[in-house]
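S.K.: let me see the structure of the following:
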Amino acid sequence: MTRPLWLLKKHLEWQRETPLSTPLKKRVEMWRAGYSPEAYALYDLSPAHAAEYLPDKARLKSFSSDTATSTFFINGPFARNVLDDKLLFTELLASTLSIPRILAFIERGSLFVPGQGGPQDVLGLAEAFGSVILKPSDGSRGRGIYRLDREPPTLNGRAVTPDEVLSLTGKLDNYLVTETVRQAAYAKTICPVTTNTVRVITFMEPGTSEPFIARAVHRFGTFETQPTDNWSRGGLCAAVDLRTGALGPGVKHAKRTQGKLEWQGHHPDTGEAIEGVRIPHWRDICDALLETVRKVPFLTYVGWDVAVTDDGFFVIEGNKNTDVDLLQVHGGLLKDPKVRGFYEHHGVI
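M.R.: Down below sits the predicted model:
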C-alpha cells in the first residue's frame with residue numbers, strides 16, 4: 001500500500017473511533033497534515049502555530065520510511081522491552097527509583113506469591129495490605145486495571161463478594177499484583193477514587209548525553225474513570241510549570257465535551273481546585289528522573305508516570321512511545337527548539 005493510501009486508511013480508522021462529527025473539509029485537512037480527525041478540536045493548527053505541533057502520524061509504528069522515522073523507534077529494542085514489561089522495568093530500575101512492590105503474579109488464572117510455592121488467594125493479599133492493584137504485565141493506557149479494597153470489599157469502587165473476586169482472577173493471565181500507592185493529600189482531595197499521576201517526558205539531548213524534561217502534565221481521574229486517570233476516557237489533564245510544579249487549569253479530551261475544549265480550574269466532580277496547586281517534592285521528582293536516565297542512558301525517550309505521596313513519590317511505569325495529544329493540548333511540543341532538535345536528530349521530522 002502506498003504511503004498516502006496507508007495514511008488515509010489510518011485516518012478513516014481514527015474517524016471511526018472518535019465520537020466527534022468532523023466536517024469533511026477539516027477531515028481532509030487533517031489527513032493531508034498527518035493528524036487524527038479530532039486534532040482540529042485539540043490543537044491550535046492555525047497558520048501561525050501549525051508548525052509547532054508534532055503530527056499524530058509520527059507516533060505510528062508503520063509511519064517509518066526511508067525519509068522519516070516513527071517515535072516508536074527512538075528507543076532501541078532493549079529499551080522498548082524494558083518499558084513494555086512492567087516486571088523487567090521494576091527489576092532494572094527499583095534500585096534507582098521508588099516503584100510499587102510486586103506482591104504476586106497471576107498466570108492462567110492462578111495467583112503465585114514469590115517464594116511461597118503453590119497458588120495463593122488474592123483476597124488474602126487484600127486483607128494483608130488493605131488494597132492491591134491488579135494489572136497486565138504488558139498493558140498500557142489503564143486498560144484491564146483493577147483495584148481491590150478490603151474495607152469495604154470493593155473492586156474498582158463497586159461492592160463485590162469473595163466469589164466475584166475469585167471468578168475474575170480465575171480468568172486473568174499474565175497479570176501482576178502490586179501494592180497500592182497512598183497518594184498525597186492534594187491529589188486525593190482533588191479526586192479520591194483514582195490514582196492521579198503526573199506524566200513527565202524525558203529526552204536524551206543529542207550530542208551531549210544529558211537528559212532534559214520536555215513537558216509534564218498532571219492527570220486527574222473522575223468518578224467515571226475510576227480507578228484510573230485515563231485522559232481519553234474522561235479524565236482531566238493540567239499542564240505543569242516545569243520550574244515550580246504549579247498546575248494550570250484542567251481540560252478534558254474534546255471528544256468528551258462535544259468537540260470544544262473546556263478549561264476547568266476546579267474538578268467537576270469534587271469541586272476542588274486544580275489550577276494553582278503545586279506538586280509536592282517537584283524538584284526531587286525531576287532530579288530523580290534525570291539522574292535515572294543518566295545512569296541508564298539507553299532510555300532515550302520516556303514518558304514516566306509518577307504518583308506523588310505525602311513523603312515522596314512512586315514511579316508507576318515508563319512509556320516508550322508516549323501519547324502526545326495530552327501534552328500538545330497545552331501547546332505544540334515543537335515550539336521548544338530543544339524538543340524540535342531532538343525529533344529532527346532522530347529523523348521524526
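
S.K.: what's the domain layout of the protein?
M.R.: When the chain is parsed with automatic domain parsing, its domains come out as 3-58, 77-98+185-320, 102-179.

S.K.: how about those in CSV, adding distance to Asp336, mean pLDDT and mean neighbour count?
M.R.: Every residue, glycine included, has its C-beta placed from N, CA and C. As requested, the domains of the chain are arranged in CSV below (distance: least, CB to CB, whole Å; pLDDT from 0 to 100; neighbours: other CB atoms under 10 Å):
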stretch, distance to Asp336, mean pLDDT, mean neighbour count
domain 3-58, 9, 75, 16
domain 77-98+185-320, 7, 96, 19
domain 102-179, 25, 90, 16
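
S.K.: can you list these in JSON lines and add distance to Glu344?
M.R.: Formatted as JSON lines, the domains of the chain follow (distance: least, CB to CB, whole Å):
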{"stretch": "domain 3-58", "distance to Glu344": "11"}
{"stretch": "domain 77-98+185-320", "distance to Glu344": "9"}
{"stretch": "domain 102-179", "distance to Glu344": "27"}
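
S.K.: for Leu333, find the nearest of those domains.
M.R.: Closest approach to Leu333 among these is made by domain 3-58 (5.2 Å; CB to CB).

S.K.: ok, which stretches of the stretch 51-200 of the chain are helices?
M.R.: 77-84, 86-93, 122-129, 162-169, 185-190 (DSSP state H, counting those that start in this stretch).

S.K.: of the ones you listed, which is nearest Ala41?
M.R.: helix 185-190 (25.0 Å).

S.K.: biggest strand in this structure by residues?
M.R.: strand 210-220 (DSSP state E).

S.K.: what packs against it?
M.R.: strand 198-205, strand 236-240, helix 282-295, helix 325-328, helix 337-345 (3 or more CB pairs under 8 Å, 6 or more residues apart in numbering; DSSP states H and E).

S.K.: and the longest one with strand 210-220, angle?
M.R.: With axes from the mean of the first three to the mean of the last three CA atoms, to 10 degrees defining the directions, helix 282-295 sits at 130 degrees from strand 210-220.

S.K.: what angle separates helix 282-295 from helix 86-93?
M.R.: 90 degrees.

S.K.: next structured bit after helix 282-295?
M.R.: strand 301-308 (DSSP states H and E).

S.K.: next helix or strand past that next one?
M.R.: strand 313-319.

S.K.: residues in contact with that following strand?
M.R.: For strand 313-319, contacts defined as CB atoms under 8 Å, 6 or more residues apart in numbering pick out 82-83, 86, 89, 93, 97-100, 140, 181, 195, 197, 199, 281, 284-285, 288-289, 299, 302-307.

S.K.: angle of that strand against helix 86-93?
M.R.: Put simply, strand 313-319 runs at 120 degrees to helix 86-93, going by the same axes, to 10 degrees.

S.K.: please name the strands paired to strand 313-319 in the sheet, noting orientation.
M.R.: strand 301-308 (antiparallel) (DSSP bridges).

S.K.: from the chain's centre, how far out does the strand it pairs with sit?
M.R.: 7 Å (CA atoms, centre = their mean, to the nearest Å).

S.K.: for the closest residue to Ala50 other than its chain neighbours, give me its contacts.
M.R.: For Ala50, ignoring the flanking residues on the chain, the nearest one in space by CB to CB, 6 or more residues apart in numbering is Ala33 at 7.3 Å. By CB under 8 Å, 6+ apart, the contact set of Ala33 is Leu45, Ala50, Pro55.

S.K.: need these in a markdown table (columns: distance to Lys188).
M.R.: Formatted as a markdown table, these follow (distance: CB to CB, whole Å):
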| residue | distance to Lys188 |
| --- | --- |
| Leu45 | 37 |
| Ala50 | 39 |
| Pro55 | 37 |
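
S.K.: check the gap between the residue lying closest to Gly347 once chain neighbours are set aside and His346 for me.
M.R.: Once flanking residues are discounted, Gly347 sits nearest to Thr69: 4.0 Å by CB to CB, 6+ apart. Thr69 sits 6 Å away from His346, going by CB to CB, to the nearest Å.

S.K.: check Met30 too.
M.R.: Counting by CB to CB - Met30 and His346 are separated by 24 Å.

S.K.: do the same with Arg199
M.R.: For Arg199, the distance to His346 - CB to CB - is 20 Å.

S.K.: what's the answer for Gly109, then?
M.R.: Gly109 sits 42 Å away from His346 when distances are taken as CB to CB.

S.K.: pull the strand or helix carrying Met30 out as CSV, backbone CA atoms only.
M.R.: Per DSSP H and E: Met30 is located in helix 24-33. Taking C-alpha atoms only, helix 24-33 is exported to CSV below (Å, rounded to 0.1, in the frame of the first residue of the first chain):
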residue,chain,number,x,y,z
LEU,A,24,-15.4,16.9,5.7
LYS,A,25,-13.2,19.8,4.9
LYS,A,26,-11.5,19.5,8.3
ARG,A,27,-11.1,15.8,7.8
VAL,A,28,-9.3,16.3,4.5
GLU,A,29,-7.1,19.0,6.0
MET,A,30,-6.2,16.7,9.0
TRP,A,31,-5.5,13.8,6.7
ARG,A,32,-3.1,15.8,4.5
ALA,A,33,-1.2,17.1,7.5
